[in-house]
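Student: Predicted model, plus sequence, below.
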Amino acid sequence: MEKKNLHVAVVGATGAVGLEMIKTLEKRNFPVGKLTLLASARSVGKQLKFRGADVTVTELTKDSFAGIDIALFSAGGGISKEFAPVAAQAGCVVVDNSSAFRMDASVPLVVPEINAADVKQHHGIIANPNCTTAITLMALYPLHQAFGVKRIFASSYQAVSGTGAKAIEELERQVEQVVRQRPVTKEVYPHQIAFNVLPQVDSFLPSGYTKEEMKMENEGRKIMHHPAFRASVTCVRVPVYRSHSVAVSAEFEKPVSVAAARAVLQKAPGLDVVDEPENKRYPMPLFTSEKYNCEVGRLRADCALDNGLCFWVCGDQLLKGAALNAVQIAEELLK
Ligand SMILES: NC(=O)c1ccc[n+]([C@@H]2O[C@H](COP(=O)([O-])OP(=O)(O)OC[C@H]3O[C@@H](n4cnc5c(N)ncnc54)[C@H](OP(=O)(O)O)[C@@H]3O)[C@@H](O)[C@H]2O)c1
């Protein structure tokens, strides 16, 4: 693909991820010649800033993709299913943030720090992984390369912005309602999220796990090229605006010491080790928000697993779990 003056589209430009995509394209100086911003009919005429200029949002239709080189999709799975193949047919490369194509064998599922080479296998659509999976793998994959991961047990602490713009408003509104002792209203989540935690992210499967929980094993196997990887996960929504955190207990083939793990993690791309418990320094979502790198800490030998290591990883899911990873994939296309 030509490396300059690309015509780039953001589908779902007005959403939580879409807005970050626009900012990330600008910040990373992606070679955008023209930017087309697409959303629903509700947003037509809205102006969003890109490189200091106003860009007007237009309505997504099947004719939106003529002449577009790369389209970053983040408007939900239904929209991706309907419009991504149309865009690919029109000759545009789609980087899709939804779960619609992630497990499709003909669609690469990519975290550039892990399996960048898979980008080259695309047939018009490349999938961006689930945010919790991407953030976990930023720490797990380098450890897997060194020690061979067998399985993990993990719990996530997922921010409300992972559900989208309406969920951020819901947390804000409910905090105010609680503080002012008014009745709490719910629109997005089945229960009050302010001053609460919800042990449900996504819908339940017959196994009792949620769909979100199984993404770690399914997507993790595909991204790491590790079909035997196993993951038992509990996904939890917490009243945090931004950045997901994951507590992981991992079991490896080879013995793993904390010192050896730390040495591996210190060299891992896109990851900072923040692990000084004696100084109360460890990763926290407040401090990984709006930051490109994920952070890992609380490293310790797992007392209940052989060859086990516990760690705590945090990352901005709007960035590494979505917009940043999508733009990094687009950058790979230009290499
Ligand atoms: N939030 C995250 O951290 C995260 C992370 C990874 C992946 N994702 C995925 O990214 C996608 C978007 O998530 P989000 O959090 O950004 O959601 P969001 O804040 O609710 O934004 C949704 C976007 O989709 C647009 N849209 C909705 N219906 C549409 C339609 N019929 N035609 C065209 N555009 C339409 C919306 O436009 P209007 O403003 O016009 O309604 C808006 O721009 C989802 O597939 C989600 O699973 C999100």
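Tutor: All right, it came through fine. In this text the structure is predicted, and so the values were computed from the model without any measurement. Residues are numbered from 1 along each chain as shown.
Student: tell me what the helix or strand that L265 is a member of is packed against?
Tutor: Using DSSP states H and E, L265 falls within helix 258-266. Secondary-structure packing of helix 258-266 (3 or more Cβ pairs under 8 Å, 6 or more residues apart in numbering; DSSP states H and E): helix 131-147, strand 271-273, strand 294-301, strand 308-315. C-beta here means a position set from N, CA and C on the backbone, and glycine is covered the same way.
Student: what do you get if the cut-off is 7 Å, keeping everything else the same?
Tutor: Helices and strands touching helix 258-266, by 3 or more Cβ pairs under 7 Å, 6 or more residues apart in numbering; DSSP states H and E, are helix 131-147, strand 271-273, strand 294-301.
Student: That one versus strand 308-315: what angle between them?
Tutor: 30 degrees (axes from the mean of the first three to the mean of the last three Cα atoms, to 10 degrees).
Student: tell me which residues in helix 258-266 are buried?
Tutor: Neighbour-count burial for helix 258-266, with 16 or more other Cβ atoms under 10 Å as criterion, is recorded at 261, 264-265.
Student: quick one: which of those residues is nearest V188?
Tutor: If you rank these by distance to V188 using Cβ to Cβ, L265 comes first, at 35.0 Å.
Student: So that closest one is in contact with L140, correct?
Tutor: No. With contacts counted by Cβ atoms under 7 Å, L265 stays clear of L140, the gap being 10.1 Å.
Student: just to revisit the earlier point, among the buried residues of helix 258-266, which one lies nearest to the ligand?
Tutor: L265 (23.6 Å; Cβ to the nearest ligand atom).
Student: Can you tell me, leaving aside adjacent residues, what's nearest to the closest one?
Tutor: V273 (5.1 Å; Cβ to Cβ, 6 or more residues apart in numbering).
Student: And the one you found, how close does it get to V95?
Tutor: V273 sits 29 Å away from V95, taking Cβ to Cβ, to the nearest Å as the criterion.
Student: More neighbours: those two, which one.
Tutor: Here V273 and V95 are compared on neighbour count by other Cβ atoms under 10 Å; more neighbours surround V95, at 26 against 20.
Student: does the more buried one really touch N128, like I thought?
Tutor: Yes. V95 is within contact range of N128, at 6.1 Å (criterion: Cβ under 7 Å).
Student: which residues do these two both contact?
Tutor: The contact sets of V95 and N128 overlap at 326, 329 (Cβ atoms under 7 Å, 6 or more residues apart in numbering).
Student: Could you report the pLDDT at the residue in the stretch 1-150 of the chain that the ligand sits nearest to?
Tutor: Closest contact between the stretch 1-150 of the chain and the ligand, by Cβ to the nearest ligand atom, is at G15 (2.0 Å). Note for G15: predicted pLDDT of 96.
Student: Am I right that it is in contact with G162?
Tutor: No. Using Cβ under 7 Å, G15 makes no contact with G162, being 11.9 Å away.
Student: who's more crowded, these two?
Tutor: G162 (26 against 23).
Student: ok, the more buried one - contacts?
Tutor: Here G162 is in contact with 131, 244, 317 (Cβ under 7 Å, 6+ apart).
Student: Now, of these, which are buried?
Tutor: Looking at those with 16+ other Cβ under 10 Å, the buried ones turn out to be 131, 244, 317.
Student: Many thanks, we can stop here.
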